[in-house]
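[1] Build me a model:
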Amino acid sequence: MRNVILISLILLLLGCSRTPQSESVDLYVFGTMVTITTWGAPSEARQQAIAEINQTFQQMHRDWHAWEPGRLVEINRAIAAGEEITVPADIAGLITRSQRLYTQSEGLFNPAIGGLLNLWGFQSSERPNGPPPSREEIDRWVASAPHMDQLEIANGQLRSSNTAVQLDFGAFAKGVAVDEAIAILRRYGIENAIVNGGGDLRAIGSKGDKPWRVGIRHPQGEGVLAALDVSGDESVFTSGNYERYREHEGVRYPHILDPRNGMPVEGVTSVTVLHANGGIADAAATALVVAGVTGWQRIAARMGIEAVMLVDDAGTVYMTPGMQQRIEFTAIPPANIITAEPMAANQGELE
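    Numbers count the residues shown, from 1 in each chain. Now for the predicted structure:
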């Protein structure tokens, strides 16, 4: 995969000097191919921006990976041993932001559950095989109750009051990476672009005189469920239970886990969130899947998310008015569409 990155960059850097209207390049980070598309950008600025984004992505991948050797693995090892450890500024920032989102989501977004993810076999680049963890193992983890408020950073030193805390930013890192890519593009004067990581994206500006048109994958089949136009500065992130899972004796166990009971989430197939900030959208999409059909509206309001589409296991689509105004179903509309009441005033502190 590293060769793909290098080849893509070489092809871009060797491109002609004229400015094409649209130019795309693929990079790889956090197990996902990220496509960066610019519109009407000067060739030199685009080349420099892509090179810096690639360098930034690779640094993030090395430092933030939860199971490959790197800085986060060292931090988790120190926490498990009850030791203090120096944390670099970028990881300290991730922890601080995650603590705010943890509070806003009532603990449903909880990057401290790395131990639970590992127990289920989801801290792996391969799909886990074999039987799931025992009820006793899961109950033992739930009783240890690791959460983000058990972390404290002072003078660059991290300590935890709970050695069961194990950090895994898998539900947040892609959004932060997309935000950083957009920030780099803007530093080079590029104001019309889309950064798309496996269907999760942030778009700025427009595609000439048209908005960027993006599709939302159908969570229960092939193709696209819906599409929407984005322009200005917006992020679209989807969290779903249809891609990563473990399967044993005909039972599928999705990878999104509920920190309250240690079990895979049931009842929700996917949640799509529209928000200005990619990191917030990424975290909120996961939290709303965990909140489920009965709790997603409350958590969305607390996190300041006004545009949401949730699809449950029966195929029923739930939407906020803010999403209903934007969404366009591309094929036969779902049989059941439920529009929620307008959001109450936001109770959480946005970043």
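[2] OK, contacts around N261?
    Counting by CB atoms under 8 Å, 6 or more residues apart in numbering, N261 touches I138, V142. Quick note: C-beta positions are derived from backbone N, CA and C, even for glycine.
[3] For the remainder of this discussion, apply numbering that starts at 50.
    Will do, 50 is the new start, and the previous item becomes N310.
[4] Look up phi and psi at it.
    Main-chain torsions, N310, degrees, to the nearest 10: phi -130, psi 0.
[5] now G248
    phi 100, psi -10.
[6] Next one, pLDDT for it please.
    At G248, the model reports a pLDDT of 89.
[7] Can you get me a residue count around it?
    The number of residues packed near G248 is 17, by other CB atoms under 10 Å.
[8] same question, the one 4 residues further on
    Per other CB under 10 Å, the neighbour tally for A252 reads 26.
[9] what bridges to it?
    I243, E283 (DSSP bridges).
[10] can you pull the contacts of it?
    The neighbours of A252, taking CB under 8 Å, 6+ apart as the test, are A242, I243, V244, W261, V263, V279, S280, D282, E283, S284, V285.
[11] Show me the residue at the heart of this structure, geometrically.
    For the chain, D331 is the residue whose C-alpha lies nearest the centre (CA atoms, centre = their mean; 3.5 Å).
[12] Return the distance of the longest helix that the chain contains from the chain's centre.
    Counting residues, the longest helix found in the chain (DSSP state H) is helix 327-351. Centroid separation for helix 327-351 versus its chain: 12 Å, with CA atoms, centre = their mean, to the nearest Å.
[13] Go ahead and confirm the residue nearest to the centre of the chain touches D228.
    No. Counting by CB atoms under 8 Å, D331 stays clear of D228, with 9.2 Å between them.
[14] Give me the helices and strands touching the longest helix of the chain, please.
    The contact analysis (3 or more CB pairs under 8 Å, 6 or more residues apart in numbering; DSSP states H and E) places helix 327-351 against helix 138-153, helix 222-236, strand 249-254, strand 281-289, strand 317-324, strand 356-361.
[15] Now tabulate the ones you listed in a markdown table and tack on distance to V74.
    As requested, these are arranged in a markdown table below (distance: least, CB to CB, whole Å):
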| stretch | distance to V74 |
| --- | --- |
| helix 138-153 | 24 |
| helix 222-236 | 11 |
| strand 249-254 | 15 |
| strand 281-289 | 20 |
| strand 317-324 | 25 |
| strand 356-361 | 29 |
